[in-house]
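Undergrad: Here is the input, now give the coordinates:
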Amino acid sequence: MTIREILTYDKHEATLRKKSESVPAVNRRVKKLIQDLRETLAARTDGGGLAAPQIGIHSRVALAQLGQQNEDSAASKSLIVLVNPEIVDAGDDQLDFDGCLSFPGLYGETVRPHRLRVKGLDEFGKSFDRVFEGFDAVVVHHEIDHLDGVLFIDRVNSLDDLYRLRENQQGELVRVPLSASVR
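TA: Numbering: from 1, shown residues only. Prediction:
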């Protein structure tokens, strides 16, 4: 059995796999989309970002929560808006944690760049050229993947790299391999 056979999401998956189109300008419609994305992401406690295709809109707009690995301060976290983001350079590929609001409770280990240079527009329509490093690069790369119709399960090497988190008898969260539940 392949990963895709196990994780069939019918028309929802087909929607997520559709490539998004560039937006011509940050206009009223795009600002409304950004607000919808903010509200949707704010309603979730487990999300690190959200892309327009995840709410059924195929425009190149995404949000990314930076500073997630800094557990010391919520003030060090910031939500950024990416409009028409394009990866200019990527490097320092490493194995890291991955998950997605479109696949609730499912996590995996994927290889993603930990240094990423991206050009695009911000929420005000101003151009940016920014370098993201560490887990911030992972999150931004994940969201840009959504805009290109690529899902995190596409970046998993084997079924053994997918897992769910469960509480053990001591109340600790432990990984339960997805492969254990399909054998």
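Undergrad: Could you report the pLDDT at residue 101?
TA: pLDDT recorded at residue 101 is 90.
Undergrad: which residues does it contact?
TA: Contacts for residue 101 (C-beta atoms under 8 Å, 6 or more residues apart in numbering) come out as 44, 46-47, 50, 54. No exception for glycine: its C-beta is placed from N, CA and C like everyone else's.
Undergrad: Flag the least confident of those.
TA: residue 46 (80).
Undergrad: which one is that residue nearest to, not counting chain neighbours?
TA: residue 101 (7.2 Å; C-beta to C-beta, 6 or more residues apart in numbering).
Undergrad: So that neighbour belongs to a strand, correct?
TA: No: under DSSP: H, G, I helix; E, B strand; the rest coil, residue 101 falls outside any strand and is assigned coil.
Undergrad: measure it to residue 35 for me?
TA: 18 Å (C-beta to C-beta, to the nearest Å).
Undergrad: in the lengthiest helix in the chain, what counts as buried?
TA: Across the chain, the helix with the greatest residue count (assigned by DSSP state H) is helix 28-42. For helix 28-42, burial by neighbour count (16 or more other C-beta atoms under 10 Å) applies to 30, 33-34, 37, 41.
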